[in-house]
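Undergrad: below is the sequence, then the predicted model.
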Protein chains: 2
Amino acid sequence: MNGIPEVVIQRLPLYLRTLEALDEDGLVVVSSQELGDSLQVTPAQIRKDLSYFGRFGKQGRGYRVRDLVRELRRILGLGQEWEMVLVGMGRLGWAVASYGGFAQHGFQVVACFDNDPALVGKAVGPLLIQDDSTLAATVRERGVGIGIVAVPVDAAQQVVDQLVACGVRGILSYAPIVPRVPPHVWVQNIDPVVALQAMTYHLSQRKAPRAAGRRAV
Amino acid sequence: MNGIPEVVIQRLPLYLRTLEALDEDGLVVVSSQELGDSLQVTPAQIRKDLSYFGRFGKQGRGYRVRDLVRELRRILGLGQEWEMVLVGMGRLGWAVASYGGFAQHGFQVVACFDNDPALVGKAVGPLLIQDDSTLAATVRERGVGIGIVAVPVDAAQQVVDQLVACGVRGILSYAPIVPRVPPHVWVQNIDPVVALQAMTYHLSQRKAPRAAGRRAV
DNA sequence: TACTGTGAACTATTTCACAGCC
DNA sequence: GGCTGTGAAATAGTTCACAGTA
């Protein structure tokens, strides 16, 4: 055994999401079996995943939902508000900026940027679109940790480089490339077309076996 | 060996995406090494992945880019136009409907639905928002294969059930649940918050190792 | 010579199965 | 009795390394 497997990390937010829903429903204690039923994951997998981080359950009973929520939030680093900058204010960037789901989960877009003079100065909710040239200063000043890339593919690597140069350590990219980043920077890509294309493989087969995972993201 | 591993299927669209870009750049032949450099995947992995489907390369030379694009498109079932219905026309659904990237890749939203009378009848590009009650008829009539779910979490499972009942075989879900579907239906989930939460785990650690995959999607 | 295609070796991940505890 | 936590076993996935060929 070495570190904690990346697949495990990617599953924790799913556990958290479900546990939060169960908590809202008023459930106090949950077994790995029940949680697994909701998530379509084996109970053994849930227990093994959690065991990488500690012992959170009570034998013979299960896990206290609220306690496990708290532990997972701590493990995932969700105790703080995370500030993000958004680059690219075309249709996609606009939609991302207007998406309420981030704030709800402690992720805040604190500034947004575009290099199109026609867009700079426009208001997006409480923010004004800034020119790309002000990106570095804003990121450095506020110590923003995460950048969202919503620019066209041809500009994507350049924007990623800029963000990395300003000290951003996480990048959520909607651009259809695998960006090149130094090893201390973490990237998550989101591309619905890629998801659809993997799906059509299965839809084209005579018979389809099991359901696919989220690849989340 | 049994079937083709799911991870392999999920990587093929990434290969395709990169090969299409290389083709546009005028590259005629590519080696697994070069392709791997673009994608940050080992050459051995690319060769192995492709070998599940046939022999597409020439020893000593590499792969003809255009031929490999054609093969991958065939394997992924991209020879046809795929019709999709979109359910949920809130902000997110609206953004999805307006997204140009689908049409560009042979995925067409042919109808969109909401259960809010205030939205029904409004135009979204060339489409009119229809009432949910007309979903089944539309899907059955046109034999639509893919449904996109962009409704709030509380309605998501119900909408998924409806889509499945009408004969949809693939679901792209933006809702924060793992929907329950019969085994012949394929699901891909997209949730940027889940992606961010996995990322903050790494950002919270003292040192961060390698870059994460896309889990795409 | 420069590459692919591929068994075999290796590594990672999942599942099993059961001791231990509530 | 029912459930967790966890080594050990089983599976799945990746990488190596080299024979074969254009």
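TA: Received it, and whenever you're ready, just let me know what you need.
Undergrad: by contact count, what packs against the host helix or strand of residue A:85?
TA: For residue A:85, the host element (DSSP states H and E) is strand A:82-87. Judged by 3 or more Cβ pairs under 8 Å, 6 or more residues apart in numbering or on different chains; DSSP states H and E, the packing partners of strand A:82-87 are helix A:91-98, strand A:107-114, helix A:135-142, strand A:146-149, helix A:153-165. Heads up, the C-betas are built off the backbone N, CA and C, glycines and all.
Undergrad: centre of the chain to the longest one, how far?
TA: It stands for helix A:153-165. 19 Å (Cα atoms, centre = their mean, to the nearest Å).
Undergrad: quick revisit: who wins for proximity to DNA strand D among the helices and strands packed on strand A:82-87?
TA: helix A:153-165 (22.6 Å; Cβ to the nearest atom of the strand).
Undergrad: now for whichever helix or strand comes after that closest one, which elements pack on it?
TA: Next helix or strand after helix A:153-165 toward the C-terminus (DSSP H and E): strand A:170-173. When contacts are defined as 3+ Cβ pairs under 8 Å, 6+ apart, strand A:170-173 sits against strand A:146-149, helix A:153-165, strand A:186-189, helix B:192-204.
Undergrad: could you chop chain A up by domain?
TA: A:6-75, A:82-191 (automatic domain parsing).
Undergrad: the longest one near DNA strand D at all?
TA: No: applying Cβ under 7 Å from any atom of the strand, one finds domain A:82-191 out of contact with DNA strand D, separated by at least 14.3 Å.
Undergrad: now the terminal residues of that domain, how far apart.
TA: 23 Å (Cα to Cα, to the nearest Å).
Undergrad: chain center to that domain, what's the gap?
TA: 14 Å.
Undergrad: over to the shortest one?
TA: Averaged C-alpha coordinates place domain A:6-75 at 19 Å from its chain's average position (Cα atoms, centre = their mean).
Undergrad: ok and the residue in chain A nearest DNA strand D?
TA: residue A:60 (2.4 Å).
Undergrad: give me phi/psi at that residue?
TA: Backbone geometry at residue A:60, expressed as degrees, to the nearest 10, gives phi 80, psi -10.
Undergrad: who's in contact with the top helix by length along chain A?
TA: When chain A is parsed with DSSP state H, its longest helix is helix A:6-24. Counting by Cβ atoms under 8 Å, 6 or more residues apart in numbering or on different chains, helix A:6-24 makes contact with A:30, A:35, A:38-39, A:41, A:45-46, A:49-50, A:52, A:65-66, A:68-69, A:72-73, A:75-76, A:214, A:216, B:153, B:176-178, B:193-194, B:197-198, B:201-202, B:212-213, B:215, all of which sit outside it.
Undergrad: can you say which of the domains of chain A is packed in most?
TA: domain A:82-191 (a mean of 18; mean count of other Cβ atoms under 10 Å in any protein chain shown).
Undergrad: pLDDT weak spots in chain A?
TA: A:1-2, A:206-217 (pLDDT under 70).
Undergrad: ok, now how distant is residue A:58 from residue B:30?
TA: Separation of residue A:58 from residue B:30 (Cβ to Cβ, to the nearest Å) stands at 56 Å.
Undergrad: what do you get for residue A:196?
TA: From residue A:196 to residue B:30 the distance is 24 Å (Cβ to Cβ).
Undergrad: near DNA strand C at all, stretch A:59-74?
TA: Yes: judged by Cβ under 7 Å from any atom of the strand, stretch A:59-74 and DNA strand C are in contact via A:59, A:60, A:61.
Undergrad: please produce JSON lines containing the residues you listed, extended by distance to residue B:143.
TA: Listed next are these as JSON lines, based on distance: Cβ to Cβ, whole Å:
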{"residue": "A:59", "distance to residue B:143": "52"}
{"residue": "A:60", "distance to residue B:143": "52"}
{"residue": "A:61", "distance to residue B:143": "50"}
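Undergrad: list just the nearest of those to chain B.
TA: Nearest to chain B out of the residues of stretch A:59-74 next to DNA strand C is residue A:61 (Cβ to the nearest Cβ; 24.5 Å).
Undergrad: excluding covalently adjacent residues, which one is nearest to that closest one?
TA: Excluding its sequence neighbours, the residue lying closest to residue A:61 (Cβ to Cβ, 6 or more residues apart in numbering or on different chains) is residue A:29, at 6.0 Å.
Undergrad: and the one you found, how close does it get to chain B?
TA: 21 Å (Cβ to the nearest Cβ, to the nearest Å).
Undergrad: does that residue touch residue A:62 like I think?
TA: Yes: between residue A:29 and residue A:62 there is a contact under Cβ atoms under 8 Å: 4.9 Å.
Undergrad: which parts of chain A sit against DNA strand C?
TA: Residues of chain A lying near DNA strand C (Cβ under 7 Å from any atom of the strand): A:2, A:5-8, A:41-42, A:44-45, A:47-48, A:58-61.
Undergrad: of those, closest to residue A:132?
TA: Relative to residue A:132, the closest of the residues of chain A next to DNA strand C is residue A:6; by Cβ to Cβ it sits at 32.1 Å.
Undergrad: residue contacts, residue A:115?
TA: A:131, A:132, A:155.
Undergrad: for the second one, what are its contacts?
TA: With Cβ under 8 Å, 6+ apart as the criterion, the residues that contact residue A:132 are A:87, A:113, A:114, A:115, A:162.
Undergrad: for those residues, which one is nearest chain B?
TA: Using Cβ to the nearest Cβ, these come closest to chain B at residue A:87, 15.1 Å.
Undergrad: now the residue nearest to residue A:52 when sequence neighbours are not counted: phi and psi?
TA: Nearest non-adjacent residue to residue A:52, counting by Cβ to Cβ, 6+ apart: residue A:4, 4.9 Å away. Backbone geometry at residue A:4, expressed as degrees, to the nearest 10, gives phi -90, psi 130.
Undergrad: what do you get for residue A:26?
TA: phi 90, psi 10.
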